[in-house]
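Asks: Generate coordinates for the sequence data below:
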Amino acid sequence: RTRVLLGVLLAGMLFLTGCSHLSVRHLERRPWRLSASDALTMQFWRFTYEVVPMRDAFGVRGKAYPVPGALPAWANHIDEIWLAAYLNDGQGRVLAKDLVVLLPRPLNPAEGIDFEFVLTPEDVGQAGALFITFGYRMVLSETTPGPNSPGGKPRVFFANEGALTRY
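Replies: Got it, this is the predicted structure:
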């Protein structure tokens, strides 16, 4: 009886996994355009980028800049940052993605963060337009505790925007 129940649960999990996909429908997106400069502003980061054709893939290169006034004024160091690019169809279904994890660094809004992604679609999706969007995960901190720091410890700020798994 227990084996039957475990078998049914396992089959159900496999079925749901087979029906799942990554979606960026909830994120700001831009039309996919080759060899044209563009920009996309998310909640905390603004991505300036260009899509370049490659053999069997697409390259996306550019810079990410903090959105002015969106981050806490005391945040002056990036403890952790991941950047992602997503090629997606009109329904937000992710067709290709790439992720880079960058080293910790001082937060310099004027300098921005350089990025390069390689997107290799496995499927062209449904007929219709293609789109690009970006994602990020970051942990920011202050390098020395300020007068408003809790318990004399440096403050930390976390934010994340990215693809979601849909069933």
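Asks: which residue is nearest the middle of this structure?
Replies: For the chain, residue 135 is the residue whose C-alpha lies nearest the centre (CA atoms, centre = their mean; 1.5 Å).
Asks: tell me the secondary structure for the closest residue in space to residue 101 that isn't next to it in sequence?
Replies: Among residues not flanking residue 101 along the chain, residue 82 sits closest, at 5.0 Å (CB to CB, 6 or more residues apart in numbering). Heads up, the C-betas are built off the backbone N, CA and C, glycines and all. Of the three states, residue 82 takes strand according to DSSP: H, G, I helix; E, B strand; the rest coil.
Asks: Isn't residue 82 up against residue 117?
Replies: No - counting by CB atoms under 8 Å, no contact exists between residue 82 and residue 117, whose distance comes to 12.0 Å.
Asks: Can you find the helix or strand of the protein with the lowest average pLDDT?
Replies: For the chain, counting by mean pLDDT, DSSP states H and E, helix 2-19 ranks last in confidence among helices and strands (a mean of 51).
Asks: Give me the next element, helix or strand, following that helix.
Replies: Per DSSP states H and E, the first helix or strand lying C-terminal to helix 2-19 is strand 21-23.
Asks: Not counting that next one itself, show me its contacts.
Replies: For strand 21-23, contacts defined as CB atoms under 8 Å, 6 or more residues apart in numbering pick out 86, 88, 91, 92, 93, 94, 97, 163, 164, 165, 166.
Asks: Tell me which two in these are the farthest apart.
Replies: Largest separation among these by CB to CB: 91 and 97, giving 15.7 Å.
Asks: List the buried residues in stretch 29-49.
Replies: Within stretch 29-49, the residues that qualify as buried are 29, 32, 40, 42, 44, 45, 46, 47, 49, counting by 16 or more other CB atoms under 10 Å.
Asks: my guess is the fourth one meets residue 161, correct?
Replies: It stands for residue 42. Yes - with contact defined as CB under 8 Å, residue 42 counts as touching residue 161 (5.5 Å).
Asks: Pull up the overlap in contacts between these two.
Replies: With CB under 8 Å, 6+ apart as the test, residue 42 and residue 161 both reach 27, 136.
Asks: what stretches of this protein score poorly on pLDDT?
Replies: 2-19, 123-127 (pLDDT under 70).
Asks: Go again with 80.
Replies: Within the chain, the segments meeting pLDDT under 80 span 1-20, 122-128, 144-152, 166-167.
Asks: Where does residue 160 sit: helix, strand or coil?
Replies: Using three-state DSSP, the structure places residue 160 in strand.
Asks: In space, what's closest to it - neighbours in sequence excluded?
Replies: Among residues not flanking residue 160 along the chain, residue 137 sits closest, at 4.6 Å (CB to CB, 6+ apart).
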